[in-house]
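S.K.: sequence below, structure please.
(chains A, B, C and D)
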Number of protein chains: 2
Amino acid sequence: MGPETQNRTTEEKLTRQREAVLQVIRSREDHPTASEIFQAARLQLPTISYATVYNSLRFLKETGLVHEIKFGDGASRYDRETERHDHAICNECGKLVDFDLPQAAELMQAAARKSKFKPASVHLTLRGVCPECRKT
Amino acid sequence: MGPETQNRTTEEKLTRQREAVLQVIRSREDHPTASEIFQAARLQLPTISYATVYNSLRFLKETGLVHEIKFGDGASRYDRETERHDHAICNECGKLVDFDLPQAAELMQAAARKSKFKPASVHLTLRGVCPECRKT
DNA sequence: CCATAGTTTAGAATTAGTCTAAGTTCATCC
DNA sequence: GGATGAACTTAGACTAATTCTAAACTATGG
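M.R.: Numbers count the residues shown, from 1 in each chain, chains lettered A, B, ... in the order given. Have a look, this model is predicted:
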């Protein structure tokens, strides 16, 4: 009998490595990259490899436990917030902030009418200057 | 107004290579990648190099003659449309379509209020299924 | 002409992410 | 209580997109 780790609900295949990756993401306010997650996870599991971090991230995305954010700039970032939401990016310091626009459903309909697409999701990106950078 | 004008005011450094890259982008309905632009440009200028395509794209972006579209998936795409606009991406065939949402200005204000950012621009991405893929 | 600043070129380097093949884990069946 | 086999992990090779580097080229101005 194992001393710990008894998971049987939706998280049947939550291995030590996957759990470590999930904990890193859940423990952070910001939106770490795969590389940052790798470094943090290695503090708990020193032998974890880069490939496992990527494999775990794919698994966690598929099971809906984390959310991937891709902007063109550099690496994907990972978000513990899995509900639909939007992002603001600071043009000065690069900070990435989550927010939600309640009119998203209407927006999606409007965008679908314009583009003639059958809508699945919408995402809005605001670029500007964050409160901290504004002060200086 | 004609299809193109040879004004020299803002385009002082429009070399043969840069012009070829610009013409490729302007001649296409779709949104080519750097690699596609490189291949097309080489038909006009057989010795043009990949680095020059990237250098030219940077120059053309900076002078506002083309627009770069970055999604996480693969390479940047380049757009002859330089006015603010939004994008729809087909989840099945990957097609990328431009459209414009007239309520963008209000949206930007709403997003700015939510995020507390000083707004500079907004961009909306719709994901769904394009009209062609819907038919099948 | 000659200097020189800017541009182009080919290829090396970098970065993010995926693939592969071998090794590990672990539940379960007999 | 060991054999089996599927799923997972690992290290490192690999790929794709983009940037960097250093040499060669190309106007232009004096």
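
S.K.: and stretch A:87-107, does that touch chain B?
M.R.: Yes. Judged by C-beta under 8 Å from any C-beta of the partner chain, stretch A:87-107 comes into contact with chain B at A:88, A:90, A:91, A:97, A:99, A:100, A:101, A:103, A:107. For every residue, glycine as well, the C-beta is placed using N, CA and C.

S.K.: hmm, the fifth one is touching residue A:85, no?
M.R.: Which is residue A:99. Yes. Counting by C-beta atoms under 8 Å, residue A:85 is a contact partner of residue A:99 at 6.6 Å.

S.K.: now do the helix-or-strand element of chain A with minimal mean pLDDT: distance to the chain's middle.
M.R.: Lowest by mean pLDDT, DSSP states H and E among the helices and strands of chain A is helix A:131-135, with a mean of 91. Offset of helix A:131-135 from its chain centre (C-alpha atoms, centre = their mean, to the nearest Å): 24 Å.

S.K.: run through who's touching that helix.
M.R.: Contacts to helix A:131-135, defined as C-beta atoms under 8 Å, 6 or more residues apart in numbering or on different chains, come from residues A:90, A:92, A:93, A:95, B:116, B:117, B:118.

S.K.: now swap in stretch A:90-98 and tell me
M.R.: Residues contacting stretch A:90-98 (C-beta under 8 Å, 6+ apart): A:30-31, A:69, A:73, A:77, A:79, A:81, A:85-89, A:127-130, A:132-133, B:115, B:117, B:120.

S.K.: just those: which are in helices?
M.R.: When these are checked against helices (DSSP state H), the matches are A:132, A:133, B:115.

S.K.: what about the last one, how many residues close to it?
M.R.: The number of residues packed around residue B:115, counting by other C-beta atoms under 10 Å in any protein chain shown, is 23.

S.K.: residue contacts, the nearest residue to it once chain neighbours are set aside?
M.R.: Excluding the flanking residues, the one nearest residue B:115 by C-beta to C-beta, 6 or more residues apart in numbering or on different chains is residue A:88, at 3.9 Å. Applying C-beta under 8 Å, 6+ apart to residue A:88 gives the contacts A:96, A:97, A:99, A:125, A:126, A:127, A:128, A:130, B:111, B:115, B:117.

S.K.: contacting residues for the third one?
M.R.: Residue A:99 makes contact with A:85, A:86, A:87, A:88, B:111, B:114, B:115 under the criterion C-beta under 8 Å, 6+ apart.

S.K.: just the element for residue A:122, please.
M.R.: strand A:118-129 (DSSP states H and E).

S.K.: that older thread, so for the least confident helix or strand of chain A, what gets flagged as buried?
M.R.: The neighbour-count check on helix A:131-135 (16 or more other C-beta atoms under 10 Å in any protein chain shown) flags residue A:133 as buried.

S.K.: need the pLDDT of the nearest residue to residue A:125 once chain neighbours are set aside.
M.R.: Once flanking residues are discounted, residue A:125 sits nearest to residue B:123: 4.9 Å by C-beta to C-beta, 6+ apart. Note on residue B:123: pLDDT of 95.
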